[in-house]
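1. pasting the sequence and the predicted model now:
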Amino acid sequence: MMHCGKKHICAVVACILIFASFLICSWKDPQLQNNITRKIFPQATTASPAAQLCRGKPVQNAITPLEDNRTFIISPYFDDRESKVTRVIGIVHHEDVKQLYCWFCCQPDGKIYVSKANIDVHSDRFGFPYGATDIVCLEPENCDPTHVSIHQSPHGDTDQLPRFEIKNRKAETFSVDFTVCISAMFGNYNNVLQFIQSMEMYKILGAQKVVIYKNNCSHLMEKVLKFYMEEGTVEIIPWPINSHLKVSSKWHFSMDAKDIGYYGQITALNDCIYRNMQRSKFVVLNDADEIILPLKHPDWKTMMSSLQEQNPGTGVFLFENHIFPETVSTHVFNISSWNTVPGVNILQHVHREPDRKDVFNPRKMIIDPRKVIQTSVHSVLRAYGNSVNVPMDVALIYHCRAPLQGNLPRESLIRDTTLWRYNSSLIMNVNKVLYQTVL
């Protein structure tokens, strides 16, 4: 009996020692991964698709507020141009948001790694308290995370956090040459005729895709957008930014003291660049009332081929904006069937305002998205390679809108009929769209 008791005691002692060793190892260094990254092992789970393995609440909205209501997430993108990071496009309050963490979900087992973010508020806020922001997190070395959650703390309940898919994870071949990014459509937009004309001009010039960040528009405009979506030309990104922030339709805080300027235009442009980084050879950044018109070439493809040949290593091409006032018109191309359609007929506006001494003509861009890190509206903020101002004799931006020099007599304007080179194709294509949508 005594011998049996000793064996029993030895077994108990051995169990206690093993358990104690496990506790000591677990407690000894809670920051094995360093102070930025830590590992959490989830409960065992059966094999399932990546999205199901990753915990958290799946996100479907284009704009997702975090708990603090000072941080708004648009979308995360994989970016390995310098190091292996996830770059999250977002909007944050430039003073109130001090720290954020990326909670990465790794495959094949759904492990969670937490990484402290670098919060990079873009310099072009124009005085508004909220601005476009890159939330950049270094990814774990031995993992290609498929999903990520953003949180103010390295601690918390994964199941309660919004879960975002990390886009651009897989390399793709270009599906299109030119994508036009338009941000943002707001103010119950109803300039239907000019919108259709711009869309058809983009297609004539070489665009295969147009991405529109839509806040709101008229019922008739919705019908036109539906046509272009079904055609495969337009991709709509819902943009309900006024549900989250007090938005201004002005570009500077001094003009309208709200939370963010021009319906978050700069954030949308940056998102559009990353969204199309792997699927489009070039991205065109302009508004729906602007058309980059080549003067020496028939289309964008031949123009950009020439510009790239002349400017090796350049990823950003800037085109000068010129106003063609909608208040000055010609009777040529007064097409009766178009008169019932709301909006401007651009073919009737071929007089542009002259340059003003000491006044800067803003520019819009055609970019190689893989060479751009951050953009503003009229220039890029950070990029690889050079930016080039394209001479006006090569191309200009046809911008048909309200005049900036409204007091000028007609004789002081410059007659420029470059647009008319495309009149035959444009009229035919616009008529096809109108008869299927509006007329």
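-> On my side now, so go ahead.

2. beta-bridge partners for the nearest residue to Thr233 once chain neighbours are set aside, please?
-> Sequence neighbours aside, Val210 is the residue nearest to Thr233 in space, at 5.8 Å (criterion: CB to CB, 6 or more residues apart in numbering). For every residue, glycine as well, the C-beta is placed using N, CA and C. Under DSSP bridges, the beta-bridge partners of Val210 are Val180, Val234.

3. what of Val176?
-> Ser280.

4. Gln208 is in contact with that one, correct?
-> Yes: judged on CB atoms under 8 Å, Val176 makes contact with Gln208 at a distance of 3.9 Å.

5. read off the pLDDT value for Ile24.
-> We note a pLDDT of 37 for Ile24 in this prediction.

6. can you offset everything so residue one is 95?
-> Shifting the count to begin at 95 puts that one at Ile118.

7. and the residue nearest to Thr327, how far from Phe268?
-> 16 Å (CB to CB, to the nearest Å).

8. give me the more crowded residue out of those two.
-> Val304 (21 against 12; other CB atoms under 10 Å).

9. list the contacts of the more buried one.
-> Residues in contact with Val304 (CB atoms under 8 Å, 6 or more residues apart in numbering) are Thr273, Val274, Ile276, Met293, Tyr296, Tyr322, Thr327, Val328, Glu329.

10. direction included, what does the longest strand anywhere in the chain pair up with?
-> Secondary structure of the chain per DSSP state E: the longest strand is strand 408-419. The pairing partners recorded for strand 408-419 under DSSP bridges are strand 457-461 (antiparallel), strand 480-483 (parallel), strand 489-495 (parallel).

11. any idea how far it is from the chain center?
-> Relative to its chain's centre, strand 408-419 lies at 20 Å (CA atoms, centre = their mean, to the nearest Å).

12. can I get it in PDB? Just the C-alpha atoms.
-> Extracted C-alpha coordinates of strand 408-419, given in PDB (Å, rounded to 0.1, in the frame of the first residue of the first chain):
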ATOM      1  CA  THR A 408       6.800  59.500 -65.600                       C
ATOM      2  CA  GLY A 409       3.600  58.300 -63.900                       C
ATOM      3  CA  VAL A 410       1.600  61.500 -63.600                       C
ATOM      4  CA  PHE A 411       0.500  63.600 -66.600                       C
ATOM      5  CA  LEU A 412      -1.300  66.900 -65.800                       C
ATOM      6  CA  PHE A 413      -3.600  68.600 -68.300                       C
ATOM      7  CA  GLU A 414      -4.600  72.300 -68.100                       C
ATOM      8  CA  ASN A 415      -8.200  73.100 -67.400                       C
ATOM      9  CA  HIS A 416     -10.000  75.600 -69.700                       C
ATOM     10  CA  ILE A 417     -13.500  77.000 -69.200                       C
ATOM     11  CA  PHE A 418     -16.000  76.900 -72.100                       C
ATOM     12  CA  PRO A 419     -18.800  78.900 -70.600                       C
END
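
13. okay, now the sheet partners of the helix or strand following it, with direction.
-> The helix or strand immediately downstream of strand 408-419 is strand 445-446, counting by DSSP states H and E. If you go by DSSP bridges, strand 445-446 pairs up with strand 508-509 (antiparallel).

14. so for the strand it pairs with, what's the average pLDDT?
-> Averaging pLDDT along strand 508-509 gives 98.

15. who's in contact with the closest residue to Val532 other than its chain neighbours?
-> Spatial nearest neighbour of Val532, chain neighbours left out: Val435 (5.4 Å); criterion: CB to CB, 6+ apart. For Val435, the contact set (CB under 8 Å, 6+ apart) comprises Val286, Leu287, Leu528, Val532, Leu533.

16. just the pLDDT for the residue lying closest to Asp381 once chain neighbours are set aside.
-> Excluding the flanking residues, the one nearest Asp381 by CB to CB, 6+ apart is Ile276, at 6.4 Å. With respect to pLDDT, Ile276 has a value of 97.

17. how about residues contacting the helix or strand hosting Ile276?
-> Ile276 is part of strand 270-279, with elements assigned from DSSP H and E. Residues outside strand 270-279 that contact it (CB under 8 Å, 6+ apart): 296, 299-311, 333, 335, 356-359, 362-363, 366-367, 370, 373-382, 394-395, 460.

18. count of neighbours near Thr421?
-> Thr421 has 11 nearby residues by other CB under 10 Å.

19. from Leu502, how far off is it?
-> 10 Å.

20. flag the shaky bits of the chain, pLDDT-wise.
-> 95-146 (pLDDT under 70).

21. which stretches of it form helices?
-> Taking DSSP state H as the test, the helices found in the chain are 96-122, 144-147, 286-299, 313-325, 359-369, 394-404, 517-531.

22. so which bits of stretch 242-259 are buried?
-> Val242, Ser243, Ile244, His245, Gln246, Pro248, Thr252, Leu255, Pro256, Arg257, Phe258, Glu259 (16 or more other CB atoms under 10 Å).

23. for the nearest residue to Asp218 once chain neighbours are set aside, give me its contacts.
-> Closest residue to Asp218 apart from its sequence neighbours, by CB to CB, 6+ apart: Ser470 at 4.1 Å. Ser470 makes contacts with His216, Asp218, Ile360, Leu363, as judged by CB under 8 Å, 6+ apart.
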